[in-house]
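*Asks:* My questions concern the predicted model and sequence given below.
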Amino acid sequence: MKWIDYATPHSVREAVDVLSEAGGRARVMAGGTDLLVALRAGVYDIDLVVDGKNIPELNEITYDPTNGLTLGAAVPCYKIYGNQAVATAYPGLIDAASLIGGTQIQGRASLGGNLCNATPSADSIPPMIALNGTANIAGPNGNRQVAIEDFCTGVRQNALGSDEILVSLHLPAPVANSGANYIRFIPRNEMDIAVAGAGVSVVLDNGDIKEARVSLASVAPTPLFVQEAGDAIAGKPANDETVRIASGIARDAARPITDMRGTIEFRQHLCEVLTRRALNTAIERAKENN
Amino acid sequence: MATTRDYEPNVVLSNQDYNVVGTRPLRPDGADKVTGRALYGADFAAAGLLSGSVLRSPHAHARIKSIDTSKAEALDGVRAVVTSADFPQGGEGPVVWQRDNVLASDKALYRGHAIAAVAAASPHIAEEAVSLIDVDYEVLTPVTDVQSSMKGDAPILHDSLMTDELGEKADKASNVASHFQHVKGDVKAGFKEADVVIEREFTTKTVHQGYIEPQAATALWNNDGRLHIWCSTQGSFAARDACAKILDIPVSQIRVVPLEIGGGFGGKIDVYLEPVAALLSKKTGTPVKLVMSRADVLQGTGPTPGSYAKIKIGAKKDGTITAAHAYLAMEAGAYPGSPVGAGAMCVLAPYDLENALVDGYDVVVNKPKTAAYRAPGAPNAAFAGEQVIDEVAKAIGMDPIDFRMKNAAKEGTRQVHGPTFPRVGYEEVLEAMKSHPHYNAPLDGPNQGRGVAVGFWFNIGFDSACNIAVNADGTVTLQEGSTDIGGTRASIAMQAAEVLTLPYEKVHPTVVDTDTIGFTAVTGGSRTTFATGWAAYEAAQDVRTKMIDRAAQIWEVDADTVELEDAVFKSKSDPELSMTFAELAGQLGRSGGGITGTAAVSPSGVGGAFAGNIVDVEVDPETGKTEILRFTVVQDAGKAIHPSYVEGQMQGGAVQGIGWALNEEYYMSDSGTMDNVSLLDYRMPTSLDLPMIDTVIVEVANPGHPYGVRGVGEAPIIPPTPAIANAIENAIGTRLFALPMNPAAVAKAVMDK
Amino acid sequence: MPGKTYVQTNINGEHVDFLCEPRQSLLECLRDVIGLTGTKEGCNDGNCGACTVEMDGRIVTSCLVLGVEAEGKEITTIEGIADGSTLHPIQQSFLENAALQCGICTPGFIVASKSLLDQNPDPTEHEIRFWLANNLCRCTGYDKIIRAVQDAAVKMQEA
């Protein structure tokens, strides 16, 4: 690895100053499980690593049933599913948080990092899209919010300016009769990158789908929000036929490539299978959540 | 993944008991290895040690027009840069190939081919310096699979390589290094007699041994002209001799010190870093350490080949195989020398055939030069042969184990390539499979299937040496030259202890360097417990004889009248005369001096090993994912010296086979480079992908070894790929003919059905 | 080139300070700077688990931690698992169950297994396999490793 410097700001303000000074030749590190690998591979040409783990706001988890969840960008995965209130309120998020990497990676990796890394295969992004999440960003001119589905702008590219830092993620409080699920397909049972993934959420109303959101991993340059899949089934009964409609739309919306992890055909096929299975689980969860 | 079963998961079908042999003591190097104290290849440290880094070709096939190292040499902290030009030149054929594989001269023949190397003050500086080396490449079209490479219009790797066609040299350059045949009987006539004839084609991809420790070597070319090498190797003498050849110096000028080795499976026999570290040390006058990255390991060291096979088998309705033809073509990698020869010896070995023909092709491609990997060549061949056997058995309506039993090779069966089997345990393996609770348990669910398959590996003998010295306290020290990858210090010491009637704990084995012990061949070929164990047996016999002589001398009796039993020397003629081993050991200094025993052996009585698998799978027909539900390995070990480590070989080999079957492959891009160069995407099985692996050790003693040892390391990797393929066929009703049988392939097979 | 960074940390219960470059991983610092070579490198990208250490009560792959991040942390490596001359029950169990062949993955497995049993003294086979899935072993097929952890769990509960 070429020489880098290392900064440990203790406030968001300080971090923004350091980033501004670095003029785009810096990246923020949370758990480092993606960043250090990318630096060794020469993916980023930077001079400075800014460690976000000493900034209080990046390490906080706050949840209440009215305002929802605010999750510091550097909170490691194990602390998310270790938080009973969060685990109960957002099982669809926990699905993803508990399958990113193995035990050792879970001690470091964060959902903020997963989002900023902005790979198409990021497991936590589809469920956060499905759960209507937003990213809280701080910069020299104050704070701004970006919807999760708008955050990734290309492969490993995101909406952050070079002088901005992702402070936290926000998910609205779950409403009654709602349910969510994220599943991915990997060839092994652990330690793999998603060949494809599906994150979905539904809200039921007397046995009908009131609202649904579908998002896919690993089948486009960015995590894909398939709004038309959810829109097409709003108002329809929560049954196999409805689920099939949405999963068919998801399959058709996928724009995968063929690479070492899967072919175009296999990934399109998986989008249908995974969306169907995830919707069925989300509907079951919604029925239990009343 | 239930594991609590109503039967013993690990069984030893033993028929002879010994005092020490067959027990399960703790390994002598164990404490060091559970505390982090053991020193492996990369752990070596020395005063003034420099770090090296190797520049590797980004192209799969390119002519090297020039190399400019000036910018690298100018970087602060860089001490030396070397290229192939620094090696002694000259020679032809294998020695040039070996040298060019270590550092390319005129052509880069695979992505990851070493081009130049740097020694610097730190690994980071060395890495930066490597990026400053300018190489002018003329990029050529690569060919990376065996079938394409055999075509007439394929890009040629070596202008000087002409096919050896059944012993005749061709006159035109080709990527086919050789074509050979083994013939027995008349296959044409044999197929005419058959009621059922099945012919199928199969392909397999390149896979890697996947040892967890990357290669590492430190060299010091000392001021007295002697070269010292500390490395992680399967064979310190093999490394010494290879370096001597490449560096063109006498073997006596090199001392190789084997450090602990973090896995090898055949992949740490060839040298890669050692000669390069030697050149760098010669230039700098200081020790230089080179350590590979994981990407270097996958791209720059020898994997086992991708291959193509066509198998044709005919049988009568009564189950008699009338003829078999195996056509095997294997990738050698960048230089000739694929394991197709071994594959050809093994592919039909389990069967007593009247008429058989094996064709073998050794083919170069633009991938790393293949190295040994656990029964090299045999798994590729068995994936093909054992599936056709399964299909023929089904076609004539016979149980697959009964079908194999009816045609089983046994003592006296002449193999297709010539030799006749001595006593082998194949029928006993089949019997143990047939009667195993696993084979008789019902499957419980749709999309589940069961498969069986068998495999044979011939095992090897070769040279081994051993020294034993008696200590005054009644213990002995044992020195051997076989590096210990999986518990062989224990299995060798146990054989010495058995001869000396000592408890195992009284024998202290050490693996020593090439200046300290007689020539010992590699830890490979399933030979170590067999051949080095035999050397230990002979050295212990030497000690035993000398100790008996000494007791006789002290007692002033005839040596014939003295016996050693349970570590006590006794006179048969005078019951009063008795002395423990330790008592005699304590008197050696006063009675004529210390006692040492020594032996150098090259045993010929090698016993081949048969292994069989029973496997249950469950396939998700939508995603194509295969779960291994239950796996049983049955193997003839001859005699399991240390049953726990024999089981470990069987389980480890089976799991490597599972990885090979389901996910492992070199995923090659169109430009001929491997895309999946990490352990994230080169998918070896994790603990969560597996059930417990049950074992049955069958013991049919090898008459060619004092304790009946056959060798166990390699046979277990042969049956898994066809056993799993047969199980998948049983689950989904369609057969897969290509490895890996990954989810995409299985899902496609289900959809195409 | 800028200077090295001074780091104060605690390793295996003892105060340790060292100088490192910010680009050096904790793994490099342990092995090359501090001389604790029991922690192994197998892949340098977090996928093999050979470099597993415990940091502030949680296991991590030390190749994916910068050495400078060790400032103020408490780190346990394989060298700190035994109690003086007495092996930890997990170490003893790995020996008795023949749970190592080449031994290169063993330090990582032992550190990870200890962390599991510290948190979950009576894990199921599935829980053991799940917890250890970030640790690759290429020799054993995991069977004897799983049995060693099960055996250690029983012995530690009896103790």
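*Replies:* Looks like it came in fine.
*Asks:* Quick check: next helix or strand after the lengthiest helix in chain B?
*Replies:* Using DSSP state H to define each element, chain B has its longest helix at helix B:533-555. Following helix B:533-555 in sequence order, the next helix or strand is strand B:562-565 (DSSP states H and E).
*Asks:* Following element in sequence after that following strand, please.
*Replies:* Later in the chain than strand B:562-565, the nearest helix or strand by DSSP H and E is strand B:568-571.
*Asks:* Show me which helix runs longest in the chain.
*Replies:* By default, I'm working from chain A. helix A:264-288.
*Asks:* Hmm, no, I was thinking of chain C.
*Replies:* Assigned via DSSP H, chain C shows its longest helix as helix C:143-158.
*Asks:* buried residues in that helix?
*Replies:* Buried residues in helix C:143-158, counting neighbours by 16 or more other C-beta atoms under 10 Å in any protein chain shown, are found at C:143-153, C:156. In short, each C-beta sits where N, CA and C put it, glycine included.
*Asks:* Pull out the buried residues from the longest helix of chain A.
*Replies:* Per 16+ other C-beta under 10 Å, helix A:264-288 contains these buried residues: A:266-283, A:285-286.
*Asks:* still on that earlier bit, how about the longest helix of chain C against chain B, any contact?
*Replies:* Yes - judged by C-beta under 8 Å from any C-beta of the partner chain, helix C:143-158 comes into contact with chain B through C:143-147.
*Asks:* Would you reformat those as JSON lines and include pLDDT?
*Replies:* Formatted as JSON lines, the residues of helix C:143-158 next to chain B follow (pLDDT from 0 to 100):
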{"residue": "C:143", "pLDDT": "98"}
{"residue": "C:144", "pLDDT": "98"}
{"residue": "C:145", "pLDDT": "98"}
{"residue": "C:146", "pLDDT": "98"}
{"residue": "C:147", "pLDDT": "98"}
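*Asks:* what's the nearest residue to residue B:137 if we skip its chain neighbours?
*Replies:* Sequence neighbours aside, residue B:62 is the residue nearest to residue B:137 in space, at 4.0 Å (criterion: C-beta to C-beta, 6 or more residues apart in numbering or on different chains).
*Asks:* actually residue A:249, not the one I typed
*Replies:* Per C-beta to C-beta, 6+ apart, closest to residue A:249 is residue A:229, 4.1 Å.
*Asks:* Direction included, what does the longest strand anywhere in chain B pair against?
*Replies:* Counting residues, the longest strand found in chain B (DSSP state E) is strand B:321-333. Based on DSSP bridges, the pairing partners of strand B:321-333 within the sheet are strand B:307-315 (antiparallel), strand B:356-364 (parallel).
*Asks:* Export these to TSV and append columns for distance to residue A:22 and mean neighbour count.
*Replies:* Below are the strands paired with strand B:321-333 laid out as TSV (distance: least, C-beta to C-beta, whole Å; neighbours: other C-beta atoms under 10 Å in any protein chain shown):
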stretch	distance to residue A:22	mean neighbour count
strand B:307-315	52	24
strand B:356-364	50	25
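*Asks:* could you dump those strands to a markdown table with mean pLDDT?
*Replies:* A markdown table is the format used below for these (pLDDT from 0 to 100):
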| stretch | mean pLDDT |
| --- | --- |
| strand B:307-315 | 98 |
| strand B:356-364 | 98 |
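*Asks:* residues making contact with the longest helix of chain C?
*Replies:* B:644, B:647-648, B:651, B:687, B:690, B:692-693, C:89-90, C:92-94, C:96-99, C:109, C:113, C:116-117, C:121-123, C:125, C:128-129, C:132, C:137 (C-beta atoms under 8 Å, 6 or more residues apart in numbering or on different chains).
*Asks:* What is the nearest of the buried residues of helix C:143-158 to chain B?
*Replies:* residue C:143 (4.8 Å; C-beta to the nearest C-beta).
*Asks:* Next to chain B, which bits of chain A? Give me the list.
*Replies:* A:1-3, A:102, A:185, A:187-193, A:195, A:259-263, A:265-266, A:269-270, A:273.
*Asks:* same for chain A: which of the contacts of helix C:143-158 are within range?
*Replies:* C:116, C:132.
*Asks:* Let's see which of the contacts of helix C:143-158 end up in strands.
*Replies:* Per DSSP E, those map to strands at residue B:693.
*Asks:* How about the contacts made by whatever residue of chain C ends up closest to chain A?
*Replies:* Residue of chain C nearest chain A, by C-beta to the nearest C-beta: residue C:134 (2.5 Å). Residues counted as contacts of residue C:134 (C-beta under 8 Å, 6+ apart) are A:101-105, A:190-191, B:686, C:46-47, C:49, C:52, C:61, C:112.
*Asks:* do that again at 7 Å, thanks
*Replies:* A:101-105, A:191, C:49 (C-beta atoms under 7 Å, 6 or more residues apart in numbering or on different chains).
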